[in-house]
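**Q** return a 3D structure for these sequence lines:
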Amino acid sequence: MNLQLILTIVLGLLQLGDWYTTTKGLAAGATEKNPVMKWFMDRIGVQATSISKCIIVTVAGYYLAQVSLYAIGALIGVYVWVVYHNYTVKVSS
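**A** Numbering: from 1, shown residues only. Model prediction:
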C-alpha cells in the first residue's frame, strides 16, 4: 500500500469522525458554525450534506495526494482539529 492511499484512508476516517461528531453535536443542541455547510444542511438535510461532503472531500483528497503529500497532510491536520473541536462541543453541550 502506498503513502498516498494511506493518507487518503486517514482523511476518509477523519471525514467519518467529522460526520459522527457533527451529527451528535447538533442532536445535543450545538449549531453549525460553517456557513456553507449550514446553507446545505438547511436545504438538503444534515445527513445528506454530511455524507456528500465525506465522499467529495475523500475523493478530492485522493487526487490531492497524487500532487502533494504536504497538501493532503495539511488537510488531514485541519480535519484532526475539526473532529477534536466537534467532540469538545458535543461533550460540553
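
**Q** quick check: closest non-adjacent residue to the residue most central in space within the chain.
**A** Nearest to the mean C-alpha position of the chain, counting by CA atoms, centre = their mean, stands residue 15 at 3.6 Å. Setting aside the residues directly before and after it, residue 15 is nearest to residue 54 in space (CB to CB, 6 or more residues apart in numbering), at 4.0 Å. Using the backbone N, CA and C atoms, a C-beta is placed for each residue, glycine as well.

**Q** after the helix or strand hosting the one you found, next one along is what?
**A** Here residue 54 is covered by helix 46-67, with elements defined by DSSP states H and E. Later in the chain than helix 46-67, the nearest helix or strand by DSSP H and E is helix 69-92.

**Q** and the nearest residue to residue 86 once chain neighbours are set aside, how far from residue 54?
**A** Excluding the flanking residues, the one nearest residue 86 by CB to CB, 6+ apart is residue 21, at 3.4 Å. Per CB to CB, to the nearest Å, residue 21 is found 12 Å from residue 54.

**Q** neighbour count winner among the two?
**A** Using other CB atoms under 10 Å as the criterion, residue 21 and residue 54 rank with residue 21 on top: 21 against 18.

**Q** point out where the protein drops to low pLDDT.
**A** Within the chain, the set of residues satisfying pLDDT under 70 comprises 90-93.

**Q** that older thread, relative to helix 69-92, how tilted is the helix holding residue 54?
**A** Using axes from the mean of the first three to the mean of the last three CA atoms, to 10 degrees, the inter-axis angle of helix 46-67 relative to helix 69-92 is 150 degrees.
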